[in-house]
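Asker: Predicted model, plus sequence, below.
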Amino acid sequence: MAESVSRRLQESKEYGRTIEISIRNNQLKWSAVQMTVDCPVCTTSELAHIAMYLFQNKYRFVSPVRALGIRVCNLVNRKEDSQISFNRNVIKQARQEAIDGCVGYLKKRFGKNIIKPASILNTGVPKNTDI
């Protein structure tokens, strides 16, 4: 999910300041948790990291989860000047954006199952699972 959101952000040349996860439980009730970050984000790894943080630390596990969604709000254009944080590695972010762009190109050209994260290789996830 984070990858598709990241790809759409990069295609529209935007960053997001607020990340929200929407959770639907087995009783079909929705709840949402969001977080605003200091520096706008658009990379897959940043979005996934924030979404996992929200899911693990902010969501109350009252009943089983049926569906999960990620949304990005407070969009800013990449062309606009942005404040650089001392806690953030700008070079690492630029590299990650380039990697995300290459992965997006490969998936668009050869299909969405052409490349997957190495972290799922030995987890027993079926080969044709959309991740």
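Answerer: Looks like it came in fine.

Asker: Which residue ranges of the protein form strands?
Answerer: Counting by DSSP state E, the chain has strands at residues 14-25, 30-41, 65-77.

Asker: Return the set of buried residues in the second one.
Answerer: It refers to strand 30-41. Residues 33-34, 37, 40-41 are the ones in strand 30-41 that count as buried (16 or more other CB atoms under 10 Å). C-betas here are computed from N, CA, C, even on glycine.

Asker: likewise stretch 68-79?
Answerer: Buried-residue list, stretch 68-79, by 16+ other CB under 10 Å: 70, 72.

Asker: Give me the local confidence score for the closest residue to Lys107 other than its chain neighbours.
Answerer: Leaving aside its sequence neighbours, Lys107 sits nearest to Ile114 (CB to CB, 6 or more residues apart in numbering; 6.0 Å). Note for Ile114: predicted pLDDT of 80.
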